[in-house]
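J.: structure here, sequence nowhere to be found:
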């Protein structure tokens, strides 16, 4: 896999998405909306959609599965080490420029705590953060304290010259993603710090697909070619939203706090047309506007995705952090002016079957010197997102252009 994002300090982010399956049962609690600082929720939703939009524009015919929540947590930890214009650019990209760093950290901790307790035995969601420091490299105590206090980050010094350091970081990544992301660092060069975020989600469908109804059906690729996929069919009918050139529905997990949002462009339209209408406000409106009922047919598929996010983040305005001459990470070490991010990488895994969904993602950063019908059949490229309805958090989003 590609090398981790590096700063002459390496930052590593890990995201994990797990399975969804059976209806909620004993041990699940009715979910209620959780009131968080709206500035954070709205900011990170916008950031996630901007991040995904840039990725989709660069690869319109490819499968994409990104975790904006994992990327946001990783960048938020990194933000604590920035100063000057580097800090201002990162704050603007994350959408927190109107908040003090203390307010942003407190809001992120509330967000982290809200996500950590699902109250549903059919859904597992875990988030872990860690900082891995080159042995002997001095780090500002305030930087470490903030990330430990607000992000519950595990902090450990390692001998980066030893091959055991790579194994230690990768073992942590594997444990944090239940083995779905077994490796995030392949080698360590000049890095002095890795920041890693791992997010794992596993949820059972509130209404499982009947395996006896799954059968081969054609799926049309962006180039018009057709491939045979295993199409799952759902007997339960779900509310849906009929938009201009697309239809949208949500399939709940467990007690319903979490759901997979699915959008299918009409046959005469495409994903680009759907994305032109997609933003934070429209997504909320479409989800709230679901009515009526419709049957759903969805491919059974597994996707593994990996991407270096440097160019996309630079396009979103985080420029100086990647520049060896302009980057300002005085919050990490005020005596070293050569620190910069060398790479931000995310690796994800998604599995969707009759019982549920399993997905994982890893992001690393390094610092170094259709029309309404009785059934909605997802047999052509579609958009998906996994969302926490209690907080409004979009944990993952992506496009599936080839589920074969």
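T.: The structure has been received and is ready for your questions. Quantities reported herein were computed from a predicted structural model and do not represent experimental measurements.
J.: helices and strands around the helix or strand containing residue 49, which ones?
T.: In this assignment (DSSP states H and E), residue 49 forms part of helix 38-58. Counting contacts by 3 or more CB pairs under 8 Å, 6 or more residues apart in numbering; DSSP states H and E, helix 38-58 packs against strand 64-66, helix 68-79, helix 84-94, helix 101-116, helix 271-275, helix 280-288, helix 310-315, strand 393-400. Using the backbone N, CA and C atoms, a C-beta is placed for each residue, glycine as well.
J.: dump these to a markdown table, plus distance to residue 249 and mean pLDDT.
T.: Output for the helices and strands packed on helix 38-58, formatted as a markdown table (distance: least, CB to CB, whole Å; pLDDT from 0 to 100):
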| stretch | distance to residue 249 | mean pLDDT |
| --- | --- | --- |
| strand 64-66 | 19 | 96 |
| helix 68-79 | 21 | 94 |
| helix 84-94 | 30 | 97 |
| helix 101-116 | 24 | 95 |
| helix 271-275 | 14 | 97 |
| helix 280-288 | 10 | 95 |
| helix 310-315 | 29 | 96 |
| strand 393-400 | 15 | 96 |
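J.: and the ones you listed: which comes nearest residue 168?
T.: Comparing those against residue 168 with CB to CB, the closest turns out to be helix 68-79 (18.8 Å).
J.: roughly how far is the closest one from the heart of the chain?
T.: Centroid separation for helix 68-79 versus its chain: 10 Å, with CA atoms, centre = their mean, to the nearest Å.
J.: quick one, it and helix 101-116 angle?
T.: Counting by axes from the mean of the first three to the mean of the last three CA atoms, to 10 degrees, helix 68-79 lies at 150 degrees to helix 101-116.
J.: okay, the angle between helix 68-79 and helix 38-58?
T.: Interaxial angle, helix 68-79 versus helix 38-58 (the same axes, to 10 degrees): 110 degrees.
J.: and helix 68-79 with helix 84-94, angle?
T.: Computed by the same axes, to 10 degrees, the angle separating helix 68-79 from helix 84-94 equals 160 degrees.
J.: what is the orientation angle of helix 68-79 with strand 393-400?
T.: Put simply, helix 68-79 runs at 120 degrees to strand 393-400, going by the same axes, to 10 degrees.
J.: can you tell me which of the helices and strands packed on helix 38-58 is nearest to residue 228?
T.: Of all those, strand 393-400 sits nearest to residue 228, with 15.4 Å by CB to CB.
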